[in-house]
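Q: next one to model:
(one chain, ligands or ions: 1)
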Amino acid sequence: MKPLAPGSTIGILGGGQLGRMLAIAAAQLGFDVCIFTDEPDSPASRVAAKTIVGNYLDTAALADFARRVAVVTTEFENVPAQTAEALIAAGARVAPCPNALAIAQDRFDEKSFLQALGIATPPFAAINSQADLETAVERIGLPAILKTRRLGYDGRGQIRLKSEADVAGAYAKLGAPGILEGFCAFEREVSIIAARGWDGAIVHYDLCENEHEGGILSRTTLPAKVNAAVQGAALEAAEKVLHAFDYVGVLTIELFVMADGSLIANEMAPRVHNSGHWTIEGALTSQFEQHIRAVAAWPLGPATRLAQIEMLNLIGEDADAWLALAADPNARLHLYGKRDTRAGRKMGHVTKLIV
Ligand code: AMP
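A: Numbers count the residues shown, from 1 in each chain. Predicted coordinates:
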């Protein structure tokens with residue numbers, strides 16, 4: 001593909017904060033952005049040149065979107081597979097490829113795919129009934145986590161099973177096809193963020209160390225407290241996935257680091273990631289700019305980290321402290337322009353650099 005000239009329009013499926021930060025990065029490189037979202041007044045649409053508000057299954061609206069943009073990318077992986085198919089049928093170029101989206105949407109397909117590439121995962125089993133769950137618990141053991149196969153995020157759609165008493169009735173409580181995963185007593189959680197360009201070039205960021213509260217990312221720090229071998233193993237996993245999909249764009253893999261230094265993959269996100277927000281101030285090229293460069297067939301930028309980093313998510317009412325955070329010379333404040341504050345909702349983040 002020829003590099004897209006500045007002034008071209010990049011289409012983004014999804015209107016959340018990731019789309020907002022992608023749109024800002026695209027604007028810095030001289031692109032216009034057109035957002036397609038089913039949400040009126042979305043965080044991304046308020047910084048984009050154009051927004052189409054429509055249903056993700058509305059083929060006429062998608063065809064209109066496809067006509068207006070030079071390439072389509074996504075800011076969330078739960079875009080229906082039919083959406084990408086309709087866009088391709090309408091002549092759009094879609095990056096990353098719809099297959100990566102489809103696999104990342106289903107926790108069972110995702111773990112099967114990672115295992116087939118030789119990337120370790122927790123032991124897992126597909127669960128379609130209480131009987132399946134009981135058989136799987138016998139094989140995998142307890143503690144374990146029962147998750148919905150699809151549409152789970154930020155710890156939603158998950159039930160922790162510690163004892164046999166938790167297993168009774170758990171499938172009905174989940175209320176959807178599931179996956180049982182063995183519980184990994186990890187030492188730390190990390191993520192590898194890497195990008196692949198149209199020409200196959202790959203760049204990667206330093207490993208991010210992540211802490212969660214109630215299943216939601218709360219804090220990312222760098223450097224991660226791991227040795228070079230762990231960083232190397234994480235990069236190897238990312239490279240395998242990038243090559244397998246002939247991937248174009250930024251990809252994230254969340255990993256558990258075990259006591260012996262081995263890595264177990266939790267999930268992959270075919271997109272920019274919350275644990276990479278630090279790259280806006282903390283790396284020579286942010287993950288958002290990197291993704292835009294990749295989908296626009298531009299050369300990738302250097303991912304060099306500039307400082308020690310602490311990134312804190314502002315969840316729910318945390319963002320009410322915006323004035324104090326704005327007054328803190330050590331905190332770079334980002335607010336996502338969400339109209340309502342709700343418990344558990346990502347409202348913004350701050351990045352602290354120790355240079
Ligand atoms: P997820 O939505 O699958 O990323 O899960 C959210 C968080 O729950 C993860 O970041 C982990 O802290 C924890 N978690 C998920 N799966 C497992 C597992 N198999 N073993 C241990 N902790 C897990």
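
Q: secondary structure class for the closest residue to residue 328 other than its chain neighbours?
A: Sequence neighbours aside, residue 350 is the residue nearest to residue 328 in space, at 7.8 Å (criterion: C-beta to C-beta, 6 or more residues apart in numbering). From N, CA and C alone the C-beta is placed, and that goes for glycine too. What DSSP: H, G, I helix; E, B strand; the rest coil gives for residue 350 is strand.

Q: helices or strands up against the longest helix that the chain contains?
A: Secondary structure of the chain per DSSP state H: the longest helix is helix 228-244. Judged by 3 or more C-beta pairs under 8 Å, 6 or more residues apart in numbering; DSSP states H and E, the packing partners of helix 228-244 are helix 107-116, strand 188-196, strand 202-204, strand 249-257, strand 263-269.

Q: mind checking these for the one nearest to residue 140?
A: helix 107-116 (12.4 Å; C-beta to C-beta).

Q: tell me the average confidence for that closest one?
A: Helix 107-116 carries an average pLDDT of 98.

Q: ok, now stretch 18-28?
A: Mean predicted lDDT for stretch 18-28 stands at 98.

Q: outline the domain layout of this protein.
A: 9-94, 123-182, 188-354 (automatic domain parsing).

Q: how many neighbours does residue 290 have?
A: 29 (other C-beta atoms under 10 Å).

Q: tell me the SS of it?
A: Going by three-state DSSP: residue 290 is helix.

Q: ok, now residue 34?
A: strand.

Q: OK, contacts around it?
A: 9-12, 48-52, 65, 68-69 (C-beta atoms under 8 Å, 6 or more residues apart in numbering).

Q: hey, what's it bridged with?
A: Beta-bridge pairing of residue 34 under DSSP bridges involves residue 11, residue 50.

Q: what residues does stretch 89-98 touch?
A: Contacts for stretch 89-98 (C-beta under 8 Å, 6+ apart): 1, 11, 59, 62-63, 65-67, 69-74, 81, 84-85, 87-88, 245-249, 251, 270-271, 294-295.

Q: what's the answer for stretch 253-267, then?
A: 104, 107, 110-111, 114, 119-122, 184-192, 210, 226-227, 229-230, 233-234, 237-238, 241, 268-269, 275.

Q: stretch 215-226 and the ligand, are they touching?
A: Yes: Stretch 215-226 is in contact with the ligand by C-beta under 6 Å from any ligand atom, via residue 215.

Q: quick one: buried residues of that stretch?
A: By neighbour count on 16 or more other C-beta atoms under 10 Å, the buried set for stretch 215-226 is 216-217, 220-222, 224, 226.

Q: got it, and stretch 163-176?
A: 166-167, 170-171, 174.

Q: show the contacting residues for the residue nearest to residue 328.
A: 311-312, 314, 325, 328, 331-334.

Q: can you list these in a markdown table and add pLDDT, secondary structure and distance to the ligand?
A: Converted to a markdown table, the contacts of residue 350 look like this (pLDDT from 0 to 100; DSSP: H, G, I helix; E, B strand; the rest coil; distance: C-beta to the nearest ligand atom, whole Å):
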| residue | pLDDT | secondary structure | distance to the ligand |
| --- | --- | --- | --- |
| 311 | 98 | strand | 15 |
| 312 | 98 | strand | 16 |
| 314 | 98 | strand | 19 |
| 325 | 98 | helix | 25 |
| 328 | 96 | coil | 28 |
| 331 | 95 | coil | 24 |
| 332 | 98 | strand | 24 |
| 333 | 98 | strand | 25 |
| 334 | 98 | strand | 22 |
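
Q: most neighbours of all those residues, which one?
A: That'd be residue 311 among the contacts of residue 350, by other C-beta under 10 Å, with 28 neighbours.

Q: make a ChimeraX selection of the buried ones in the contacts of stretch 89-98.
A: Buried residues among these (16+ other C-beta under 10 Å), as a ChimeraX selection:
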select :11,59,62,65,66,69,70,71,72,73,74,84,87,245,247,248,249,251,270,271,294,295
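
Q: from the contacts of stretch 89-98, which land in helices?
A: Those of the contacts of stretch 89-98 lying in helices (DSSP H): 59, 62-63, 65-67, 81, 84-85, 87-88, 294-295.
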